[in-house]
Every structure is written in C-alpha cells, then in structure tokens.
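Enquirer: Predicted coordinates and the sequence they were generated for:
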Amino acid sequence: MQMRFVDIGITAAGTLLVWSGVCLGQTSQKSDCLSYEPAVVKITGILIRKTFPGPPNYESIQRGDRAETSWFLDLPATVCVNEDRTKPGLNPGQRDVHEIQLVLQPEQYSQHKALVGGRVVATGTLFGEHTGHHHTPVLLTVRTLEKESK
C-alpha cells in the first residue's frame, strides 16, 4: 500500500510538473508578438502622413527647422514586439504599439501616394528607433505596400 502511494505521488507530481511546464511555456512565450529584423512581418492599418520639425534643432518648423514628412501605419489594435536578443539595446521589447513609422525608398512615396488615408497591408522588417528622424518606438522598412483587399 505504501509503495502504491509513492507511485501515485510520483505520477501526480510528474503530471503537475508537465502541466506547469505547459502553462509556463504558454505564458512565457510571446508568440503573438512581432519580431525584429531579419523576420519579415505583415501589418495592416490606416496609412497616414505626418510632418515633424527636422534639422537643425528638431524643435519647430516655424523657427526654422526643416519640415520632415513621414508615413505611418495607424494600427487597428496595439501590437507588441519581442526584444531582439542579439541587439536588445537597439531593438528592445515593446508593448502597446499603436503606430509604426514606415521607411520607404524615395520612389515608393510617389508610387503609393494614392494609398494615403486608406487601409493598407505593409510587409517588411522592423527595427527600433535610434535617431531624431524616428517618431515611433518601432519602425518598418517597407518591402511591399498595397491596398487592403477584403
């Protein structure tokens, strides 16, 4: 009888350990979060255009700073981005991201200007902000940009 109890105890402990591992795995994984480059991501949102003061002081267009216009994706729901384990200082984990600045090649602006104000799908790679030209914590280097098809 004593031996049977030990067997059941070990089985119960083993089962508890397995269930704990499953639960811990589910909560510690951030599989719903996006990943930084080199991963390619696909993001949907409203394409908007904003203008900010640029050089020399990044403070005021009215006081002489050059105007810098950038495109952004206004997301329908917030997203998170996993910390880049190889460059955590440059690409830290982010939560509650509701807007992502887009980085495009010059020709992409004229090619896609008709999409501004509409729902779009953008694909590309993410990186963290690191200059005065960056206006969101996470930016997307755009590979493709197209009108969302429903």
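Expert: Nice, I can see it.

Enquirer: alpha carbons only for contacts and neighbour counts from here, please
Expert: Noted.

Enquirer: So residue 113 belongs to a strand, correct?
Expert: No - according to DSSP: H, G, I helix; E, B strand; the rest coil, residue 113 belongs to no strand; its state is helix.

Enquirer: Any idea what the residue nearest in space to the middle of the chain is bridged to?
Expert: Centroid-nearest residue in the chain, with Cα atoms, centre = their mean: residue 81, separated by 4.5 Å. Residue 81 has these beta-bridge partners by DSSP bridges: residue 34, residue 94.

Enquirer: Start at 24, not 1
Expert: With 24 as the first residue, the last one maps to residue 104.

Enquirer: Can you name the residues that contact it?
Expert: 56, 57, 58, 59, 116, 117, 118 (Cα atoms under 8 Å, 6 or more residues apart in numbering).

Enquirer: got the domain boundaries for the protein?
Expert: 24-53, 64-170 (automatic domain parsing).

Enquirer: Single out the most deeply packed of those domains.
Expert: domain 64-170 (a mean of 16; mean count of other Cα atoms under 10 Å).

Enquirer: how distant is stretch 149-157 from the center of its chain?
Expert: Computed by Cα atoms, centre = their mean, to the nearest Å, the separation of stretch 149-157 from the middle of its chain amounts to 12 Å.

Enquirer: List of residues touching that stretch?
Expert: Counting by Cα under 8 Å, 6+ apart, 58-64, 77, 81, 113-115, 124, 158-164 sit against stretch 149-157.

Enquirer: That stretch: end-to-end distance?
Expert: The straight-line separation of the ends of stretch 149-157 (Cα to Cα, to the nearest Å) is 13 Å.

Enquirer: do you know how far residue 106 is from residue 138?
Expert: Distance of residue 106 to residue 138, computed by Cα to Cα: 31 Å.

Enquirer: Ok, residue 59 next?
Expert: 25 Å.

Enquirer: Could you do residue 88 as well?
Expert: According to Cα to Cα, residue 88 and residue 138 sit 28 Å apart.
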